[in-house]
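Trainee: Fold the following.
(chains A, B, C and D)
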There are 2 protein chains.
Amino acid sequence: MTVSKVTADAVKPSRPNGKEAVEGAADNATLQLGELSELLGYSLKRAQLKVFEDFLRCVAPLQLTPAQFSVLLLLDRNPGRNQTEIANTLGILRPNFVAMLDGLESRDLCARMRSANDRRSHILMLTDKGRAVLTRAKKLVASKHEARLNELLGPEGRVALLEMLSKIAMEF
Amino acid sequence: MTVSKVTADAVKPSRPNGKEAVEGAADNATLQLGELSELLGYSLKRAQLKVFEDFLRCVAPLQLTPAQFSVLLLLDRNPGRNQTEIANTLGILRPNFVAMLDGLESRDLCARMRSANDRRSHILMLTDKGRAVLTRAKKLVASKHEARLNELLGPEGRVALLEMLSKIAMEF
DNA sequence: TATTGTTATACTCTATAACTATA
DNA sequence: TATAGTTATAGAGTATAACAATA
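Mentor: Sure thing, here's the model as predicted:
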C-alpha cells in the first residue's frame, strides 16, 4: 500500500444527513455493470455457471457431474476407444482423466480392458449399469434440464443459441 | 474392476489387414459427439473457454485476466464502494477477493482506503494508472476481442447471443 | 450482536514433467 | 525412439470457518 492516502471523503459523495439523496439516484442501490453487460465473455461465464448448477440439480439423483455425463455419452457412442482418444475429444488432459475414470470404474459405470492389439492402451466400455445410468441421466437432462432452458429461450432461441455457441467452440 | 473380462476383440471391429475398412466408415476417424452436440451446457463451456483464451491473448500486453478486467471496469463505474459490494456484484467470495485486490493494488492499479464513516470498510478506487490501463484494455477488447466475435457471428448474431446469455445468467 | 476485511484451509480443475510398459 | 497410461506435483479457482476491528 504505497498509494496516496487520500481520505475517502474525496471519493464518497458527502451525505451527512439521513436516508437517501434525491438527485444522487442510485447511491446504495445496485451497482452499475456498465460495459460489463456488453462483454460477451462475462455473460458467457455467468450463464455457464448457472447452466452447470442446474444440470447438477436435475441429475442429482444419479450423482453425475456434467463432465462425467459427457464421458458416459462418449463411451456409449464410441465403443472400442482408448483413454487418450476419449480424453482428447473432451478436452481433458490424459493425466487428469485417470482419476476421473477411477471414479466411474469404482462405481461400476465403465470398465477398462487391455487392448489385444496394443497392450499399452486401455479400451473403454460402459458396463450394463453404466448404460442404465446413462439412459436415466439422458431422461432427466431432457425432461428437466434442457426443458427448462427451452422454456426460458423458446425452442427457436435455444437452437439459435446452440448454433452460435458451437460455432464459437469450433471456429473461434 | 469386477467387470466381466471380455477380450477387447469383442468390442473392436476386427481389421487385421492394412489401412482402412470401406464399409466401416469412421473407425480411427474423429469420434462421434452424439447427443453431446445437443447439450447446451457442453457447447457453453467449450465456447466460454475459447472466448476467455482469446481475451487473454488480446489483452496480453496489459497482463489482465477477464476477472481483473471486470474489477477495474466495476471500480470505474462505481466509485466509493467497498470490497464486499464489488465482490458480491461479480460473484466473487469476499475471502477470495482479498488476494485479487492485493494483486491489483501491488501493481498500483487500484487502492483501498478506510472509509471515514465506517472504519471497518475499505473504499475502493482506481489509481490514475489503473484508469489509464483500463482505457487501453477497453480499446484492445473492443478492437481485437469483440471485433473478432463480431466477425464470426455478425453484429446481429452477437447481439442475439448476448441477450440470451444475459437472460440465462439473470433469470435461469 | 452483526458486519468488514482478513487468514487459514480444503477441495476441485487444470497443467507439466517424468516414470513404466509396451511398441 | 515413441506412445499409453500413470504418478506426482503445482497452480488456479472456489468454498467455509473463524478471528480482529469496528459498528
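
Trainee: By residue count, tell me the biggest helix in chain A.
Mentor: Longest helix in chain A by number of residues (criterion: DSSP state H): helix A:147-171.

Trainee: got a list of what residue A:44 touches?
Mentor: Residue A:44 makes contact with B:44, B:47-48, B:51, B:165 under the criterion CB atoms under 8 Å, 6 or more residues apart in numbering or on different chains. Just so you know, the C-beta spots here come from the backbone N, C-alpha and C atoms, and that holds for glycine as well.

Trainee: Neighbours of the residue nearest to it when sequence neighbours are not counted, how many?
Mentor: Nearest residue to residue A:44, sequence neighbours excluded (CB to CB, 6 or more residues apart in numbering or on different chains): residue B:48, at 4.7 Å. Neighbouring residues of residue B:48 were enumerated by other CB atoms under 10 Å in any protein chain shown; the total is 24.

Trainee: Name the helix or strand for residue B:48, please.
Mentor: Assigning secondary structure by DSSP states H and E places residue B:48 in helix B:40-58.

Trainee: Just the CA coordinates for that helix, please, in CSV.
Mentor: Presented in CSV, the C-alpha positions along helix B:40-58 are these (Å, rounded to 0.1, in the frame of the first residue of the first chain):
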residue,chain,number,x,y,z
LEU,B,40,-26.3,-26.7,-24.4
GLY,B,41,-24.1,-26.8,-21.3
TYR,B,42,-21.4,-28.6,-23.2
SER,B,43,-21.1,-26.0,-26.0
LEU,B,44,-21.5,-23.3,-23.4
LYS,B,45,-18.4,-24.5,-21.6
ARG,B,46,-16.3,-25.1,-24.7
ALA,B,47,-17.3,-21.6,-26.1
GLN,B,48,-16.5,-19.9,-22.8
LEU,B,49,-13.0,-21.4,-22.7
LYS,B,50,-12.3,-20.3,-26.2
VAL,B,51,-13.6,-16.8,-25.5
PHE,B,52,-11.5,-16.4,-22.3
GLU,B,53,-8.5,-17.7,-24.1
ASP,B,54,-8.9,-15.1,-26.8
PHE,B,55,-9.5,-12.4,-24.2
LEU,B,56,-6.2,-13.2,-22.6
ARG,B,57,-4.4,-13.1,-25.9
CYS,B,58,-5.9,-9.8,-27.0
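
Trainee: still on that earlier bit, is chain B within reach of the longest helix of chain A?
Mentor: Yes. Judged by CB under 8 Å from any CB of the partner chain, helix A:147-171 and chain B are in contact via A:148-149, A:152-153, A:157-158, A:160-162, A:164-169, A:171.

Trainee: now stretch A:84-95
Mentor: Yes. If you take CB under 8 Å from any CB as the test, stretch A:84-95 does meet chain B, through A:85-86, A:89, A:91.

Trainee: give me every residue that touches the most centrally placed residue in chain A.
Mentor: By CA atoms, centre = their mean, the mean C-alpha position of chain A lies nearest to residue A:52, the distance being 4.2 Å. Counting by CB under 8 Å, 6+ apart, residue A:52 touches A:66, B:41, B:45.

Trainee: Also near DNA strand D: which of those residues, exactly?
Mentor: Checking the contacts of residue A:52 against DNA strand D by CB under 7 Å from any atom of the strand, not one of them is in range.

Trainee: Spell out which residues of chain A are next to DNA strand C.
Mentor: Taking CB under 7 Å from any atom of the strand as the criterion, the contact residues of chain A with DNA strand C come out as A:65, A:67, A:92-93, A:95-96, A:117-120.

Trainee: Same list (these) but as CSV, adding distance to residue A:130.
Mentor: Converted to CSV, the residues of chain A next to DNA strand C look like this (distance: CB to CB, whole Å):
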residue, distance to residue A:130
A:65, 15
A:67, 15
A:92, 18
A:93, 23
A:95, 23
A:96, 20
A:117, 23
A:118, 23
A:119, 24
A:120, 24
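
Trainee: Just among these, which is most surrounded?
Mentor: Counting by other CB under 10 Å, residue A:92 has the largest number of neighbours within the residues of chain A next to DNA strand C, with 18 neighbours.

Trainee: Can you get me a residue count around residue A:151?
Mentor: Neighbour count of residue A:151, defined by other CB under 10 Å: 11.

Trainee: er, residue A:127 actually
Mentor: The burial count for residue A:127: 19, using other CB under 10 Å.

Trainee: Now do the strands in chain A.
Mentor: With strands called from DSSP state E, chain A shows them at A:110-114, A:122-126.

Trainee: Can you give me every residue that contacts residue A:62?
Mentor: Neighbouring residues of residue A:62 by CB under 8 Å, 6+ apart: A:133, A:136-137, A:140.

Trainee: Just to be sure, which of the residues you listed are found in helices?
Mentor: Members of those lying in helices (criterion: DSSP H): A:133, A:136-137, A:140.

Trainee: what would those look like in TSV with pLDDT and neighbour count?
Mentor: As requested, the ones in helices among the contacts of residue A:62 are exported to TSV (pLDDT from 0 to 100; neighbours: other CB atoms under 10 Å in any protein chain shown):
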residue	pLDDT	neighbour count
A:133	98	24
A:136	98	14
A:137	98	21
A:140	98	19
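
Trainee: would CSV of those residues with distance to residue B:36 be doable?
Mentor: Putting the ones in helices among the contacts of residue A:62 into CSV (distance: CB to CB, whole Å) gives the following:
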residue, distance to residue B:36
A:133, 16
A:136, 17
A:137, 12
A:140, 16
